[in-house]
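>>> sharing a model that was predicted from the sequence below.
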Amino acid sequence: MIKIKLSDLLGKHKMTQKSLSELTGIRPATISQMYYEETKRIDVKHLNNICKVFDCEISELLEYIPEEQK
């Protein structure tokens, strides 16, 4: 499973979803879906823009968490 840590980054930088949307050019609805981890796909351009705004590595935004095998 891939965890989207956008809520952590927004909190760390004391930024709103609206502000991030304005700075990145990403639609507010898309930011919201990423924030609540409801998105099925993420455009590489969006990842690039978010990392640019937060001056972070992709690993600070996305995390792979292995699912339990049954």
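Right, received. Where do you want to start?
>>> can you give me the helices for this structure?
Under the criterion DSSP state H, helices of the chain are mapped to 6-12, 17-24, 28-35, 44-54.
>>> dump those helices into a markdown table; add distance to residue 66, mean pLDDT and mean neighbour count as well.
The C-beta positions use only the backbone N, C-alpha and C, and glycine is treated the same way. Formatted as a markdown table, the entries for the helices of the chain read as follows, by distance: least, C-beta to C-beta, whole Å; pLDDT from 0 to 100; neighbours: other C-beta atoms under 10 Å:
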| stretch | distance to residue 66 | mean pLDDT | mean neighbour count |
| --- | --- | --- | --- |
| helix 6-12 | 20 | 97 | 15 |
| helix 17-24 | 29 | 98 | 16 |
| helix 28-35 | 21 | 97 | 16 |
| helix 44-54 | 21 | 98 | 15 |
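>>> between the ones you listed, which gets nearest to residue 65?
The stretch from the helices of the chain with the least distance to residue 65 (C-beta to C-beta) is helix 6-12; that distance is 13.9 Å.
>>> the closest one packs against which elements?
With contacts taken as 3 or more C-beta pairs under 8 Å, 6 or more residues apart in numbering; DSSP states H and E, helix 6-12 sits against helix 28-35, helix 44-54.
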